[in-house]
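just a sequence and a predicted model for now, questions to come.
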Amino acid sequence: MTVGPTRSGAHLQRAKGFPVISRTVTTATGTPSRSRSLQPWAVAMSSAAAAAATSFAAKFAASPAPSRRCLPLRGSPSPRRAVAMMAVSTPRSSAAAAFLERRESERAVHFVKYHGLGNDFIMVDNRDSDVPKVTPEEAVKLCDRNFGVGADGVIFVMPGVNGADYTMRIFNSDGSEPEMCGNGVRCFARFIAELENLQGIHSFKIHTGAGLIIPEIQNDGKVKVDMGQPILSGPDVPTKLPSTKNEAVVQADLAIDGSIWQVTCVSMGNPHCVTFGTKELKVLHVDDLNLSDVGPKFEHHEMFPARTNTEFVQVLSHSHLKMRVWERGAGATLACGTGACAVVVAAVLEGRAERKCVVDLPGGPLEIEWRENDNHVYMTGPAEAVFYGSAVH
Ligand SMILES: N[C@@H](CCC[C@H](N)C(=O)O)C(=O)O
């Protein structure tokens, strides 16, 4: 059996061992629908219920909510009743912790959905094990926007190693595992604060595939992250493009479909290819790009042995950039934190911008600074919890 096309168009084999579950779903209005078959990863909130919950959420958002309002759903036949809730205000209590305390049965994993500027993640409390509770194949199904929860990736909060407080692992929506995720690490920090019921300013040492990353929750709720030093040496990015400026690949030529794109390659732990235009078309108008056509051609280009994330950038001023991104393993997303960092590094290397910029992404702005004194890149932006749920498999 196969599931529907992924965003990259590939058809993936459905993992074996997840029976289709039949159950009665009760909608948010309390009307039970007919017993029906659910997808192998059955999410405790049906789409009809989700739609009802959205309008429910909108109503509560419009009126002052004294505390978190939740929408419980009924109807799981499993020994542990699956529930889903929609958070409609900023979490103020340890409600998430209480929700996640309901230990997973063999058939359910609880999650909280977060997003950073619309780059959305299914966050799983994996603090009790260094084995992810969701496999890459299951992550593909959960991330499916029609047959699953819908997300750009699944992130696991795992025990720390090498003196770090926690370890972050992530699966992209195609099931591949990247080294790092900028928006994800901001969500990660806010998720830990919820789990541990922490208020106010807090910073954490997070072990990632890109080394130690340090997010700090600020008083205004935004998260500032020390993203470490960018990697510029071509083979380490990795890219097979020849270096043009010392060890770095800056404004190198990349042929795609008869056009020569000028690209700068930067790793923020994960690989990025940044372009401000082609040889013929020096200035990009990023809104005019056909991203789903051109993006995959960069991602799978032979010059990028580990594939690549690609950022298309328009310079609005020396401190204001606008970008769209095609992510490795996730396609077009509304925001990419590591991508925004790579963009500022590339803009500085190409002499197009200052070290401190606002980067506009489709989902909103990020503040990025590439500091001269320590060579670290700092990213500041929001992260929000939007949805609590259980997935049954
Ligand atoms: N959206 C992320 C990056 C996620 C990983 C990326 N798709 C990759 O494979 O490298 C971000 O905010 O940085």
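Looks like it arrived, so ask away.

show me what from the chain comes close to the ligand.
119, 172, 178, 181-184, 270, 309, 327-330, 333, 336-339 (C-beta under 6 Å from any ligand atom). Using the backbone N, CA and C atoms, a C-beta is placed for each residue, glycine as well.

could you check which residue of the stretch 1-150 of the chain lies nearest the ligand?
Asn119 (4.8 Å; C-beta to the nearest ligand atom).

about what we covered before: the residues of the chain next to the ligand in strands, which ones?
119, 172, 309, 327, 333 (DSSP state E).

format those as JSON lines; extra columns: pLDDT and neighbour count.
Below are those laid out as JSON lines (pLDDT from 0 to 100; neighbours: other C-beta atoms under 10 Å):
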{"residue": "Asn119", "pLDDT": "98", "neighbour count": "30"}
{"residue": "Asn172", "pLDDT": "98", "neighbour count": "22"}
{"residue": "Asn309", "pLDDT": "99", "neighbour count": "28"}
{"residue": "Glu327", "pLDDT": "98", "neighbour count": "30"}
{"residue": "Thr333", "pLDDT": "98", "neighbour count": "24"}
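
show me where the stretch 151-300 of the chain has strands.
Here the stretch 151-300 of the chain has its strands, by DSSP state E, counting those that start in this stretch, at 153-159, 166-172, 202-203, 206-208, 211-217, 223-226, 252-256, 259-267, 271-278.

closest one to Pro238 out of the ones in strands among the residues of the chain next to the ligand, please.
Of all these, the one with the least separation from Pro238 (C-beta to C-beta) is Asn309, at 12.8 Å.

any idea how far the closest one lies from Asn375?
21 Å (C-beta to C-beta, to the nearest Å).

next one: Ala385
33 Å.

more crowded one of these two?
Just comparing Ala385 and Asn375: by other C-beta atoms under 10 Å the higher neighbour count belongs to Ala385, 21 against 10.

so where's the stretch 51-200 of the chain uncertain?
51-106 (pLDDT under 70).

all helices for it, in order.
95-101, 136-143, 182-195 (DSSP state H, counting those that start in this stretch).

a markdown table please, covering the ones you listed and showing mean neighbour count and distance to Asn246.
As requested, the helices of the stretch 51-200 of the chain are exported to a markdown table (neighbours: other C-beta atoms under 10 Å; distance: least, C-beta to C-beta, whole Å):
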| stretch | mean neighbour count | distance to Asn246 |
| --- | --- | --- |
| helix 95-101 | 17 | 47 |
| helix 136-143 | 24 | 37 |
| helix 182-195 | 27 | 25 |
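
tabulate these (JSON lines), appending distance to Val263.
Listed next are the helices of the stretch 51-200 of the chain as JSON lines, based on distance: least, C-beta to C-beta, whole Å:
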{"stretch": "helix 95-101", "distance to Val263": "41"}
{"stretch": "helix 136-143", "distance to Val263": "28"}
{"stretch": "helix 182-195", "distance to Val263": "20"}
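
Trp261 bridge partners, please.
For Trp261, the beta-bridge partners are Leu254, Thr278 (DSSP bridges).

from Thr239, how far out is it?
13 Å.

what's the closest of the ones in strands among the residues of the chain next to the ligand to the ligand?
For those, the nearest to the ligand is Glu327 (3.8 Å; C-beta to the nearest ligand atom).

quick one, what contacts the closest one?
Neighbouring residues of Glu327 by C-beta atoms under 8 Å, 6 or more residues apart in numbering: 152, 172, 309, 333, 336, 339.

from those, which two are the most distant?
Asn172 and Gly339 (13.5 Å).

what about Glu302, which SS state?
coil (DSSP: H, G, I helix; E, B strand; the rest coil).

that older thread, hmm, the residue of the stretch 1-150 of the chain closest to the ligand is touching Ser173, no?
No - between Asn119 and Ser173 there is no contact under C-beta atoms under 8 Å: 11.0 Å.

what do the two both touch?
With C-beta under 8 Å, 6+ apart as the test, Asn119 and Ser173 both reach Asp152.

what is the neighbour count of Asn219?
Quick note: Asn219 (other C-beta under 10 Å) scores 7 neighbours.

skipping adjacent residues, who's closest to it in space?
Spatially, and ignoring its direct neighbours in sequence, Asn219 is nearest to Ile201 (6.0 Å; C-beta to C-beta, 6 or more residues apart in numbering).

what does Tyr166 give?
According to C-beta to C-beta, 6+ apart, the nearest residue to Tyr166 is Gly160 (4.9 Å).
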